[in-house]
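[1] fold the following for me, if possible:
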Amino acid sequence: MDTNYFLENIWLIPIFPLASAAIMLLLGRRLPEKAVSFLCVGSVFVSFVFSAGAVWQLTQMTGERAHQVVLYDWVPAGAFHTTNGLLANFSAELGFLLDPLSAVMILVVTGVGFLIHVYSIGYMAKDPGYYRFFGYLNLFMFSMLILVLGNNMLLMFVGWEGVGLCSYLLIGYYFLKKSAADAGKKAFIVNRVGDTGFLLGIFLTAATLGTIKFSEFGAAISDGKFELGAPVMTAIALLLFVGATGKSAQIPLYVWLPDAMEGPTPVSALIHAATMVTAGVYMVTRTNAIFQLSPIAMETVAVVGAVTAVFAASMGLVQNDIKRVLAYSTISQLGYMFLACGVGAFVGGIFHLMTHAFFKALLFLGSGSVIHALSGEQDMRKMGSLWTKIPTTAKTMFVGTLAIAGIPPLAGFFSKDEILWRTFGHSRALWLVGAITAGMTAFYMFRLVNMTFFGKSRVDHDVEHHIHESPRSMTGVLVILAVLSVIGGWIGIPAALGGSNQFEHFLEPVIAKHGGEVAEAAGAAAHHDPMEYGLMIVSVAIALFGIWLARLIYLQREGMADRMAASWSRVHNLLYRKYYMDEIYDALFVNRTKDLASTLGAFDRTVIDGFGVDGSAWLTRFFSRVSIWWDTWIVDGLVNLSGRTIWIFSFPVRLAQNGLVQSYALVIVVGVLVIFGYYLTR
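    Next comes the predicted model:
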């Protein structure tokens, strides 16, 4: 085997799940569940092995750690002048790029994705659409891998749209259930709004830089001599960020994610916690060379991320559906990642993306295990005292909750602390918002744990007799993710705690060197300040306070939560109704669109009715005859003309190729006699 076999064949990483997805969607109905499981789970495992091998070979490279594999020119080169007058040869390749950033992403996508596929074997067992579910999951894996491996923005957009399609299919998996079907449509439509901005950003990037290839951004920016704060770079960055707000559920396009919990729980864990929703963070980091040239865009990213983080966390405080609490937690944690990117700590954002994939996948899958044990119950008010009844689920979820709360030495502590430390150096106000959000996160997550696993049992009598631990295919995955939630952050231990932050050193080559924010962030990392210790203590203290407060309200003081909700009923209702954002969007956009459609329909009816009964009948007959004439003479005529033309010109060929075996045999016999006759008469 070639020493760089995996590197040279990174294009195969997305092909394996695509192949199994095609088999499922074409032939899956005829396959038994074991065959479906073997093909779909096995294909993702093979992708993970290829990813691990490619990343290992990448780390052994000397010099620039980046490798590209180009299959062919997708859009051939064409010369044009960029907006600043430079001559550019634009092209787009079907090419794949493996560098430290995409290496982290493919390991997260295939590694966590494989574990979720294994979990799904037990969770979706006996489901009538078993093959269809796994086909959609594998199609999603293909799209996500195209997104993170594509070497240009156009190929990234293909994966971007692919995960959007799969999100629609998987959220609306139970399509006979109206709420699930509506949630799938909502996710699809809201994401199209963001995707419009992303697509415009791609067009403007091509027109400005003359390339959409990631590896050429640095040279194109240097050749164009773009200065810090150039308006065109600000426009590109803001358009790209619009796409990120849709895919990664940030204000104002976050409204689809809570409803996405209508899909099966493995879908929530894979798409809406570990992979798809992080695509926006990945895209901003991948295009950091553009964002760094726009202080306005960077500040916008930071502010939107911080506001989204605290905004979503406030809604998570009062939700009763166990999966919706985690949904708002996901939106909040994504806000943390964008806050990091906005203050120039792109590596910190990706670090939190990775650790978040571990503990949030664990929490979602743990909630699925709880729902499985309670025969489908998702309301935490109908849970309680499950610690001893489903111990593996309870203990692993407890580990995940400690991780997301930022308790050392679990993974979430290191990534969250890095973001807060870098934010503190940029803006005290944004740091305060991040610190408050951390306390709220600890509170609502331990509220979830206390209401689910401790206190008095509130489980329905009929359900209580059927409580059982999940099968090993599910609990085994929970244990692995719990271990990763503990040790996953140790690769990024900062110098202040005696580490070397290997994660940051690994990703350093993909971060552009221009831009003041990144320079400040790098300086803060290299020279740790004694203040960093103080901020660590403060953040942990805030988290511990949130944990203590949740225990006080939901365990030690019975009925205190209800009394507080009654005393602060307006605030509670505002949070519980999600600030009435769905109602506001319905009033401003959905209902106005319906009104426009109704108005146009009424106008059409008025015009037709204005002709009267006889006039309307005459119009109907007229348009019917025009339609028949058009179909007969234009549509059918063109088809028949092309067929007749081919029939005429194929006359000589048809004489020889008539499809009759006896005619072919006669020609062969005649040919043989002619040959014999020729040689006999010589």
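[2] quick one: low-confidence ranges for this protein?
    Filtered on pLDDT under 70, the chain yields the residue ranges 1-2, 81, 86-87, 274, 514-528, 600-601, 603-620, 651-661, 681-682.
[3] show me where it has strands.
    For the chain, applying DSSP state E gives strands covering 67-81, 87-98.
[4] the longest one to strand 87-98, inter-axis angle?
    What that stands for is strand 67-81. Using axes from the mean of the first three to the mean of the last three CA atoms, to 10 degrees, one finds that strand 67-81 and strand 87-98 are set 160 degrees apart in direction.
[5] parallel or antiparallel, list what pairs with strand 67-81.
    Applying DSSP bridges to the sheet, strand 67-81 is found paired with strand 87-98 (antiparallel).
[6] what's in contact with the strand it pairs with?
    The contact list for strand 87-98 (CB atoms under 8 Å, 6 or more residues apart in numbering) reads 7, 10-11, 54-55, 58, 66-82, 106, 149-152, 154-155, 206, 209-215, 220. In this view, the C-beta of every residue, glycine as well, is placed from N, C-alpha and C.
[7] name the residues of that strand that are buried.
    By 16 or more other CB atoms under 10 Å, the buried positions in strand 87-98 come out as A88, F90, A92, E93, L94, G95, F96, L97, L98.
[8] now stretch 636-645 - C-alpha only, CSV.
    C-alpha atoms of stretch 636-645 as CSV (Å, rounded to 0.1, in the frame of the first residue of the first chain):
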residue,chain,number,x,y,z
ASP,A,636,-46.4,16.8,-29.9
GLY,A,637,-45.5,18.2,-33.3
LEU,A,638,-41.9,18.9,-32.3
VAL,A,639,-41.6,15.4,-30.8
ASN,A,640,-43.0,13.7,-33.8
LEU,A,641,-40.9,15.8,-36.2
SER,A,642,-37.7,14.8,-34.4
GLY,A,643,-38.8,11.2,-34.4
ARG,A,644,-39.7,11.3,-38.1
THR,A,645,-36.5,12.9,-39.1
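[9] buried ones among the contacts of strand 87-98?
    Buried by 16+ other CB under 10 Å: 7, 10-11, 54-55, 58, 66-69, 82, 106, 149-152, 154-155, 206, 209-214, 220, out of the contacts of strand 87-98.
[10] export the strands of the chain to TSV and tack on distance to N591?
    Output for the strands of the chain, formatted as TSV (distance: least, CB to CB, whole Å):
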stretch	distance to N591
strand 67-81	41
strand 87-98	40
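[11] count of residues packed around T275?
    If you count neighbours by other CB atoms under 10 Å, T275 ends up with 29.
[12] for R192, same thing?
    The burial count for R192: 12, using other CB under 10 Å.
[13] list the contacts for it?
    R192 is in contact with G164, G246, counting by CB under 8 Å, 6+ apart.
[14] please report how far it lies from W256.
    R192 sits 11 Å away from W256, going by CB to CB, to the nearest Å.
[15] S51 too?
    The spacing between S51 and W256, counted by CB to CB, is 29 Å.
[16] the more surrounded of the two?
    When neighbours are counted by other CB under 10 Å, S51 comes out ahead of the other of S51 and W256, with 26 against 23.
[17] leaving out chain neighbours, which residue sits closest to the more buried one?
    Closest residue to S51 apart from its sequence neighbours, by CB to CB, 6 or more residues apart in numbering: I106 at 4.4 Å.
[18] tell me which residues touch that neighbour, please.
    Listed by CB under 8 Å, 6+ apart, the contact partners of I106 are I13, S51, A54, V55, L98, L145, V148, L149.
[19] look up how far L58 lies from the fifth one.
    In this structure, L98 and L58 are separated by 6 Å, where distance is defined by CB to CB.
[20] need the overlap of contacts for these two.
    Taking CB under 8 Å, 6+ apart as the contact rule, the neighbours common to L98 and L58 are L7, H67.
[21] center of the chain, which residue is that?
    Centroid-nearest residue in the chain: M276, 0.9 Å away (criterion: CA atoms, centre = their mean).
[22] how close does it sit to M105?
    For M276, the distance to M105 equals 12 Å [CB to CB].
[23] distance of L253 from V325?
    Going from L253 to V325 by CB to CB gives 21 Å.
[24] tell me which of those two has more neighbours.
    Shown here are L253 and V325; by other CB under 10 Å, V325 has more neighbours (26 against 21).
[25] tally of neighbours for the closest residue to that one other than its chain neighbours?
    Excluding its sequence neighbours, the residue lying closest to V325 (CB to CB, 6+ apart) is Q319, at 4.7 Å. Residues near Q319, counting by other CB under 10 Å, number 22.
[26] ok, now how distant is Q319 from G201?
    34 Å.
[27] isn't Y119 up against P266?
    Yes: Y119 lies in contact with P266 (CB atoms under 8 Å); the separation is 5.9 Å.
[28] who touches both of those two?
    L365, G368.
[29] picking that back up, okay if I get the buried residues of strand 87-98 as JSON lines plus distance to A312?
    As requested, the buried residues of strand 87-98 are exported to JSON lines (distance: CB to CB, whole Å):
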{"residue": "A88", "distance to A312": "41"}
{"residue": "F90", "distance to A312": "39"}
{"residue": "A92", "distance to A312": "36"}
{"residue": "E93", "distance to A312": "38"}
{"residue": "L94", "distance to A312": "37"}
{"residue": "G95", "distance to A312": "37"}
{"residue": "F96", "distance to A312": "34"}
{"residue": "L97", "distance to A312": "32"}
{"residue": "L98", "distance to A312": "33"}
